[in-house]
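> Okay, structure incoming, though there's no sequence with it:
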Ligand code: C2E
Ligand code: MG
Ligand code: MG
Ligand code: MG
């Protein structure tokens, strides 16, 4: 009996695995046509100066509205696009659209674009970025590229040479999701980063425990020591923002200051020549 049950369980898993594989293949296929079908669009999340509340830039986040399945999270489709290589086409589309948009904003508002390991390590990535900057006429100092540490692990020397080429173009490079995954302090020294983005998971736990406060404080100290500005991701509450103000964190991003939204929602900022400050969120 146990044996047949075992087989049943095995068949169940096999069937389930089969469904997952099929699902993945469908998404992989659909991803290749998503841009042509107009299913992809960009949303923008403000990045603010912690002390003044002023918006200094926006991070671009990709959204996929599948014609039959509705919205699909980047956490699900980005890894599939990376594995299939579709991220190369999609990523170039994101970069071009984001730079074109940002070129219409008042100086010095900046745009931050996420770049995955597959893109960074692809041949001629820096050349492609150079072309996009040239075509869109966005000044390179107004573009920031966000990469995570996983992008460095696969091929450190290639990552380093591409990052150097990117730096030579005049843009900035931010380390995204700092403190998660394969964090290594030596990465901050070995690669030409301009900014550290502390992962939102630390910020969200800052109220609850002193260990997390100590971690955030030490990342801020690390940034100061290395001369790298630190941005806190995922700021949701006034208490979290108050902590960051007290600890002299330079910049922040999160639902408290603004959820990712269509750029039209921020017209007041992107169509003015003077950049207004956000209303003070700290009670
Ligand atoms: P990320 O670059 O670390 O982006 C931050 C994520 O946190 C975004 O999720 C954003 O919507 C979310 N977020 C922002 N503020 C808050 C907050 O206050 N609370 C909470 N709970 N979440 C907040 P999203 O848009 O789902 O993107 C997830 C990840 O997908 C991104 O993480 C990034 O790694 C990747 N991604 C998104 N767009 C692109 C893209 O165009 N290209 C590439 N290569 N990756 C992308
Ligand atoms: Mg990011
Ligand atoms: Mg992040
Ligand atoms: Mg992330």
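That came through fine. Because the structure is predicted, anything quoted here is derived from the model rather than measured. Ligands and ions are numbered 1, 2, ... in the order given.
> now the chain, which segments are flagged as low pLDDT?
Applying pLDDT under 70 to the chain flags the ranges 1-10, 12-14, 272-283.
> distance of residue 203 from ligand 1?
8 Å (CB to the nearest ligand atom, to the nearest Å). (C-beta placed from N, C-alpha, C; glycine too.)
> What backbone torsions are found at that residue?
Torsion angles at residue 203 (phi, psi; degrees, to the nearest 10) stand at phi -60, psi -40.
> Could I get the contacting residues of it?
Taking CB atoms under 8 Å, 6 or more residues apart in numbering as the criterion, residue 203 is in contact with 216, 232, 233, 234, 235, 236, 240, 244, 254.
> which ones are touching the fourth one?
The contact partners of residue 234, by CB under 8 Å, 6+ apart, come to 199, 200, 201, 203, 204, 253, 254, 255.
> With the fifth one instead?
Neighbouring residues of residue 235 by CB under 8 Å, 6+ apart: 200, 203, 241, 244, 252, 253, 254, 255, 256, 257.
> try 10 Å
Residue 235 makes contact with 48, 50, 200, 203-204, 206, 241, 243-244, 249, 252-257, 281 under the criterion CB atoms under 10 Å, 6 or more residues apart in numbering.
> Mark which of the residues you listed are buried, thanks.
48, 50, 200, 203-204, 206, 241, 243-244, 249, 252-254, 256-257 (16 or more other CB atoms under 10 Å).
> Nearest to residue 183, out of these: which one, please.
residue 200 (14.6 Å; CB to CB).
> Spatially, which residue comes closest to the closest one, not counting chain neighbours?
Distances taken as CB to CB, 6 or more residues apart in numbering place residue 234 nearest to residue 200, at 2.1 Å, with adjacent residues excluded.
> how much space is there between the one you found and residue 35?
28 Å (CB to CB, to the nearest Å).
> go on, residue 66?
13 Å.
> sorry, back to before: ok, the contacts of residue 234 vs ligand 2, which is closest?
residue 253 (8.8 Å; CB to the ion).
> So residue 183 sits against residue 202, correct?
No: using CB atoms under 10 Å, residue 183 is not in contact with residue 202; the gap is 11.3 Å.
> Between those two, tell me which one has more neighbours.
Per other CB atoms under 10 Å, whichever of residue 183 and residue 202 has more neighbours is residue 202, with 19 against 15.
> Residue 188 looks like it's in a helix, true?
Yes: assigned with DSSP: H, G, I helix; E, B strand; the rest coil, residue 188 falls within a helix.
> doesn't residue 173 make contact with it?
No: when contacts are counted by CB under 10 Å, residue 188 is not listed as touching residue 173 (11.4 Å).
> which bits of this structure sit near ligand 3?
176, 177, 233 (CB under 5 Å from the ion).
> switch to 8 Å and redo it
Residues of the chain found near ligand 3 (CB under 8 Å from the ion) are 146, 148, 176, 177, 197, 199, 200, 233, 234.
> which of those tops the neighbour count?
In the residues of the chain next to ligand 3, the most neighbours by other CB under 10 Å go to residue 197, 28 neighbours.
> Look up phi and psi at it.
phi -110, psi 110.
> Would you confirm that it contacts residue 145?
No: with contact defined as CB under 10 Å, residue 197 does not reach residue 145; the gap is 11.8 Å.
> Which neighbours do those two have in common?
In contact with both residue 197 and residue 145: 112, 174, 176, using CB under 10 Å, 6+ apart.
> Listing partners with orientation, what would you give for the helix or strand containing the second one?
Translated: residue 174. For residue 174, the host element (DSSP states H and E) is strand 172-178. If you go by DSSP bridges, strand 172-178 pairs up with strand 143-147 (parallel), strand 195-198 (parallel).
> Pretty sure residue 24 sits in a strand.
No: going by three-state DSSP, the assignment for residue 24 is helix, not a strand.
> now the strands for the stretch 1-150 of the chain?
Listed in chain order, the strands of the stretch 1-150 of the chain (DSSP state E, counting those that start in this stretch) span 40-49, 55-66, 70-72, 110-114, 143-147.
> For the chain, which residues are neighbours of ligand 2?
Counting by CB under 8 Å from the ion, the chain sits next to ligand 2 at 59, 61, 112, 114, 146, 174, 176, 177, 197, 233.
> 5 Å instead?
114, 146, 176.
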